[in-house]
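>>> sequence plus the predicted model coming up.
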Amino acid sequence: MTRPHYRLNRLLAPLVLVSSAALGSQSTYPIQDTPLTGGEGSVEQHDHNAFSLPQSNLSITKRLDFSVGNSFFRNPWVVAPASTDARDGLGPLFNTNSCQGCHIKDGRGHAPASIDEPSVSLFLRLAVPADPERDAEILKRHGFLPAPVYGSQLQTSAIPGMKPEANMVVEWQAIEQKLADGTVVTLRQPIYHIESPNYGPMPDNLLISPRAAPPMTGLGLLESIAEADILSREDPEDENGDGISGRANRVWDKASETTVLGRFGWKAAEPNILQQSMGAFAGDMGLTSTLSPQTDCTPEQQCGAFPNGGDKEVSDKVANFIAFYSASLAVPTRREMDDPEVQQGAELFNQLNCAGCHTPTYTTAKVEREDLSGQVIWPYTDMLLHDMGPGLADGRDEFLADGNEWRTPPLWGLGLAQQVNANAGFLHDGRARTPEEAILWHAGEATASADQYRLLPAAERRALQRFLNSL
């Protein structure tokens, strides 16, 4: 029987040679001059626990709140009813039973390496094409039109007595990229299969978007960047002619019931850490809260026939502990900053205009938390949406983000990703096994930078990789 499959990505565009003169000198981009990547709260932790420590400038009294939030983040939630009533109500449909199940040791998730390996920390978002007029209200509040019966996310697990929605299988296709000096790099392109759907056939016009769990470090600092600083980097019409036209997403804030700046998620579709967290509880674990009183279970799936963990399965108190924990995870310090090769790589990063999207530094605004206020940080992101070309496109809109656009992910901690989780992948679906593979997938607004990377001699490519590994 032929597998139904979803090939999201076309082959990469052919190499287009661009001279360094065309890019010009990017001397306006700063070079990091301190190991304190996450400001005064940075930690000197570079092993498998590198992403799991509280900010070093967090007060002693607040470290207890961090520990409580940590327990709810790490410990599994269970089926209701249970004696563990603070953590019951899992499902009936879900993808994982704990936050840590996706954000492995507070770091990145990964895609399954083979067609037979179950997916643990990568899932599929679902949608169908929307009519802008007919579906205006749901698009305003939800950002996309969920799929009939199957909702917004494919749930591949279920509690006893309930059937999961379907199985997700990833098949890999090898693609070879030849660099200017003859070096061949083998990339892998994912093909997604949804098999054995248990609630009727999938829609013929189904849109899918694979999402791997991103790292948790520095979220509170990113939330503390002034909105004006983010918006000042917008250039939707590319008025400066550098080929980069980043723009902000505008999304629905459930608490204020207004449209605001999007900051978090692969398409910047969430406004703050609390809403992002409660959305994950509802979609990934089937747990309700004040901000997300409904899970992704649809009426056709009859989840109401099973016991729940209460009207708000994640209480406001627990939700606040989770959000505090997520906002307090420290960024590790830079390593090998004084190494000449690393310094050369930092210069190349700017010369190739990688910093055109991966904005090196900010100073955070004055916020309620002193440990997050006025911090000079080096996250290497502009928090904006960019067209990354057909090779990475998912074809699924989300609020203002179109099917080619992704938010620039922060690069801090990049070199420790596989120290924390040996299988960690890069890009939105974990397809890239190395930062170099991620670079070679860049297209769209990043075409010139990626093509310049292909032209570099091996020694300069190594220097740039050393710089990325030092972050």
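In hand now; what should we look at?
>>> show me the longest helix that occurs in the chain.
Looking across the chain with DSSP state H, the single longest helix is helix 60-74.
>>> so what does the following helix or strand past that helix touch, helix or strand wise?
Per DSSP states H and E, the first helix or strand lying C-terminal to helix 60-74 is strand 93-94. When contacts are defined as 3 or more Cβ pairs under 8 Å, 6 or more residues apart in numbering; DSSP states H and E, strand 93-94 packs onto strand 157-158. Any C-beta I mention is one placed from the backbone N, CA and C, and that applies to glycine too.
>>> just list what the strand it packs on packs against, helices and strands only.
Looks like strand 157-158 contacts strand 93-94 (3+ Cβ pairs under 8 Å, 6+ apart).
>>> rewinding a little: restrict the longest helix of the chain to CA atoms and write it as PDB.
Output in PDB follows, covering the C-alpha atoms of helix 60-74 (Å, rounded to 0.1, in the frame of the first residue of the first chain):
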ATOM      1  CA  ILE A  60      17.800  33.400  47.100                       C
ATOM      2  CA  THR A  61      14.100  33.900  47.900                       C
ATOM      3  CA  LYS A  62      13.100  33.500  44.200                       C
ATOM      4  CA  ARG A  63      15.200  30.300  43.800                       C
ATOM      5  CA  LEU A  64      12.500  28.400  45.800                       C
ATOM      6  CA  ASP A  65      10.000  29.500  43.100                       C
ATOM      7  CA  PHE A  66      12.400  28.300  40.500                       C
ATOM      8  CA  SER A  67      12.700  24.900  42.200                       C
ATOM      9  CA  VAL A  68       8.900  24.500  42.400                       C
ATOM     10  CA  GLY A  69       8.500  25.400  38.800                       C
ATOM     11  CA  ASN A  70      11.200  23.000  37.900                       C
ATOM     12  CA  SER A  71       9.400  20.100  39.600                       C
ATOM     13  CA  PHE A  72       6.200  20.800  37.500                       C
ATOM     14  CA  PHE A  73       8.300  21.100  34.400                       C
ATOM     15  CA  ARG A  74      10.200  17.800  34.800                       C
END
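>>> contacts for that helix, please.
With Cβ atoms under 8 Å, 6 or more residues apart in numbering as the contact definition, helix 60-74 has outside contacts at 54, 58, 87, 98-100, 318, 321-326, 328, 371.
>>> next: stretch 41-52.
Against stretch 41-52 from outside (Cβ under 8 Å, 6+ apart): 35-36, 53, 55-58, 105-107, 215-217, 221, 329-333, 335, 371-372, 375, 413, 416, 419-420.
>>> rerun that using 6 Å as the cut-off
36, 53, 55-57, 105-107, 217, 330-333, 371, 416, 420 (Cβ atoms under 6 Å, 6 or more residues apart in numbering).
>>> what about the closest residue to residue 145 other than its chain neighbours, how many neighbours?
Closest residue to residue 145 apart from its sequence neighbours, by Cβ to Cβ, 6 or more residues apart in numbering: residue 130 at 3.8 Å. A count of neighbours around residue 130, defined by other Cβ atoms under 10 Å, yields 18.
>>> try the one 5 residues further on
Residues within reach of residue 135, counting by other Cβ under 10 Å, total 15.
>>> surely it and residue 145 touch.
Yes - if you go by Cβ atoms under 6 Å, residue 135 and residue 145 touch, sitting 5.3 Å apart.
>>> quick one on the thing from earlier: ok, the contacts of helix 60-74 vs residue 81, which is closest?
Comparing those against residue 81 with Cβ to Cβ places residue 87 closest, at 12.0 Å.
>>> pLDDT wise, what is the residue lying closest to the closest one once chain neighbours are set aside at?
Distances taken as Cβ to Cβ, 6+ apart put residue 77 closest to residue 87, at 4.8 Å, once the chain neighbours are dropped. With respect to pLDDT, residue 77 has a value of 97.
>>> and residue 77, how many neighbours?
Using other Cβ under 10 Å, the number of residues around residue 77 comes to 27.
>>> so where's the chain shaky on pLDDT?
Applying pLDDT under 70 to the chain flags residues 1-27.
>>> which parts of it are strands?
Secondary structure of the chain, counting by DSSP state E: strands at 5-6, 93-94, 122-127, 157-158, 167-178, 184-195, 207-212, 250-253, 258-261, 362-363, 376-377, 385-387, 405-407.
>>> just checking: what are the partner strands of the fourth one?
It stands for strand 157-158. strand 93-94 (antiparallel) (DSSP bridges).
>>> what's in contact with the strand it pairs with?
Here strand 93-94 has contacts from 155, 157, 158, 285, 286, 297, using Cβ under 6 Å, 6+ apart.
>>> save these as TSV, and put in distance to residue 308 too.
Shown next, in TSV, are these (distance: Cβ to Cβ, whole Å):
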residue	distance to residue 308
155	16
157	17
158	14
285	12
286	9
297	11
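>>> for PyMOL, what selects the buried ones among those?
Selection of buried members from the contacts of strand 93-94 for PyMOL, criterion 16 or more other Cβ atoms under 10 Å:
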select buried, resi 155+157+158+285+286+297
